[in-house]
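K.L.:
Any chance you could fold what I've pasted below:
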Amino acid sequence: MDTGMTRALSLETVRVELGERAYDILVGHGALSELGARLSALVKRPRAFVLTDETVMQHHKARLEGAVAKAGIALTWMALPPGEQTKTFAQLGHVLDWLLAGGADRGDILIAFGGGVIGDMGGLAASLMKRGMGFVQVPTTLLAQVDSSVGGKTAVNTPRGKNLVGAFYQPRLVIADTALLGTLPEREMKAGYAEILKYGLINDAPFFDWLSVNGRKVLALDAEAARYAVARSCAAKAAIVTEDETETGVRQLLNLGHTFGHALEAANSYEADLLHGEAVALGMALAFRYGAGLGVTPPKDAARVADVLAESGLPSTLEGRDRARFTGKRLAELMQQDKKARGGRVPLILARGIGAAYIHPDADLASIEAFLTRELA
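P.N.:
Numbers count the residues shown, from 1 in each chain. The predicted model follows:
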């Protein structure tokens, strides 16, 4: 597969080929230094709006301002509370009102400077603002750098489920500076690492093998290992997005672990004791075991996936979960609310082995409920 990666100095560029909406992902330690020059080519006036959260603003505001200072670009800031609970209609309304009050127009750029919540909120706000202003993703978490910042999926949550209201809206540029990850708690790093493992499990067994050897270097932010892992993950996602931008076919493979994972998050009321990446890790382990139960996944591969997840400090079983919140029936009901579910059946991403994921179009929710009930026993 052509990864679309080119290398310049200590950075790598991954190109997302979408015709007139194509854009670059700059990856590596210090990539933020390229923002000023890149932004100058995108804005009509020397200004930009920055949406962030309070934690990122505290840690990294000076870095972002320094990156655009030489370009003479003035920044207007808005900081939201951190956490998944921020991704609501109410907060989206606040963001849009802030942009309108600031006189933002379609020639301006909104910079989404934060993790996946900020990226999703910023992208959706940009898509709605006067029917579309430009936006740039500067993800500050490992999970956002390899997943949510790439591909143009934007959304907010509702009480009925995660990411049910949103739009496909591509950024103009993504800056994945691995130096920004240095302030992340270890648990947040591991949660992001789950999404990196996902790319190996989908269609790149050699990458999964590489990660099983070099994962500790990635998590320790070794500059070379982190750049390689992030760039290879972004290239894998870019290739799939280029083929299927609006998730009608092969892009569904990127949901490996997510149908189970989203149900787990919703059952947990999106509370911080189960991070998105942890839910995805657990969801991938469940998908491999469910596939093994159907006879489509080699049991040895399901066991290896669970082992690698556990060695990486990620959850691989439902052991110890609150039985009042997590029941097979409750999780199956939440999966029924998945936007792709139809008539008591839901498409699942399963695998015929490591690196051989496929779309299982009509998994029976009754069998899933029975499987999850056994997992929780």
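
K.L.:
Do you have the strands of the stretch 201-350 of the chain handy? List them.
P.N.:
Using DSSP state E, counting those that start in this stretch, the strands found in the stretch 201-350 of the chain span residues 345-351.

K.L.:
For it, give me the ranges with low pLDDT.
P.N.:
Within the stretch 201-350 of the chain, the segments meeting pLDDT under 70 span 339-342.

K.L.:
Helices of that one, start to end?
P.N.:
Assigned by DSSP state H, counting those that start in this stretch, the stretch 201-350 of the chain shows helices spanning 205-219, 223-243, 258-267, 276-294, 299-311, 328-336.

K.L.:
Outline the domain layout of the protein.
P.N.:
Following automatic domain parsing, one finds the domains of the chain at 5-183, 256-377.

K.L.:
Figure out which of the ones you listed is closest to residue 208.
P.N.:
Proximity to residue 208, assessed across the domains of the chain by Cβ to Cβ, is greatest for domain 256-377 (5.6 Å). Every residue, glycine included, has its C-beta placed from N, CA and C.

K.L.:
how far is the closest one from where the chain is centred?
P.N.:
17 Å (Cα atoms, centre = their mean, to the nearest Å).

K.L.:
related to what we said a few turns ago, what's the closest of the helices of the stretch 201-350 of the chain to residue 131?
P.N.:
helix 223-243 (22.5 Å).

K.L.:
what angle separates the closest one from helix 205-219?
P.N.:
If you take axes from the mean of the first three to the mean of the last three Cα atoms, to 10 degrees, helix 223-243 sits at 130 degrees to helix 205-219.

K.L.:
In terms of secondary structure, what does helix 223-243 contact?
P.N.:
For helix 223-243, the elements it packs on are strand 5-8, strand 11-16, strand 23-28, strand 173-177, helix 186-203, helix 205-219, judged by 3 or more Cβ pairs under 8 Å, 6 or more residues apart in numbering; DSSP states H and E.

K.L.:
Pick the most buried one from these.
P.N.:
Highest mean neighbour count of the helices and strands packed on helix 223-243: strand 173-177, a mean of 27 (counted as mean count of other Cβ atoms under 10 Å).

K.L.:
Run through who's touching that one.
P.N.:
23-32, 34-35, 38-39, 42, 136-139, 145-146, 149-150, 230, 234 (Cβ atoms under 8 Å, 6 or more residues apart in numbering).

K.L.:
Residue 126 and residue 349, how far apart?
P.N.:
Distance, residue 126 to residue 349, using Cβ to Cβ, to the nearest Å: 29 Å.

K.L.:
neighbour count winner among these two?
P.N.:
Counted by other Cβ atoms under 10 Å, residue 126 and residue 349 do not tie: residue 126 has more neighbours, with 31 against 25.

K.L.:
Surely that one is within a helix?
P.N.:
Yes. Counting by DSSP: H, G, I helix; E, B strand; the rest coil, residue 126 is found in a helix.

K.L.:
Let me know whether it touches residue 172 as I believe.
P.N.:
No. Look at residue 126 against residue 172 with Cβ atoms under 8 Å: they stay out of range, at 9.6 Å.

K.L.:
okay, now the nearest residue to residue 17 once chain neighbours are set aside: neighbour count?
P.N.:
Nearest residue to residue 17, sequence neighbours excluded (Cβ to Cβ, 6 or more residues apart in numbering): residue 242, at 4.9 Å. For residue 242, the count of nearby residues is 17 (other Cβ under 10 Å).

K.L.:
Kindly report the same for residue 90.
P.N.:
For residue 90, the neighbour count with other Cβ under 10 Å is 8.

K.L.:
Residue 246 too?
P.N.:
By other Cβ under 10 Å, the residues close to residue 246 number 10.

K.L.:
again, but for residue 310
P.N.:
Close neighbours of residue 310, defined as other Cβ under 10 Å, add up to 14.

K.L.:
Return the residues in contact with it.
P.N.:
Shown in contact with residue 310 (Cβ under 8 Å, 6+ apart): residue 316.

K.L.:
ok, it to residue 317 distance?
P.N.:
Residue 310 is 9 Å from residue 317, by Cβ to Cβ.

K.L.:
Now do the shared contacts for those two.
P.N.:
With Cβ under 8 Å, 6+ apart, residue 310 and residue 317 have no common neighbours.

K.L.:
Can you check the pLDDT for residue 9?
P.N.:
Model confidence at residue 9, expressed as pLDDT, equals 47.

K.L.:
before we move on, what about residue 3?
P.N.:
pLDDT for residue 3: 46.

K.L.:
how about the helices of the stretch 201-350 of the chain, which one is nearest residue 74?
P.N.:
helix 223-243 (29.6 Å).

K.L.:
relative orientation of the closest one and strand 11-16 in degrees?
P.N.:
Going by the same axes, to 10 degrees, helix 223-243 makes 10 degrees with strand 11-16.

K.L.:
Same question for helix 223-243: list its buried residues.
P.N.:
Within helix 223-243, the residues that count as buried by 16 or more other Cβ atoms under 10 Å are 225-242.

K.L.:
what's residue 172 sitting at in phi/psi?
P.N.:
phi -90, psi -20 (degrees, to the nearest 10).
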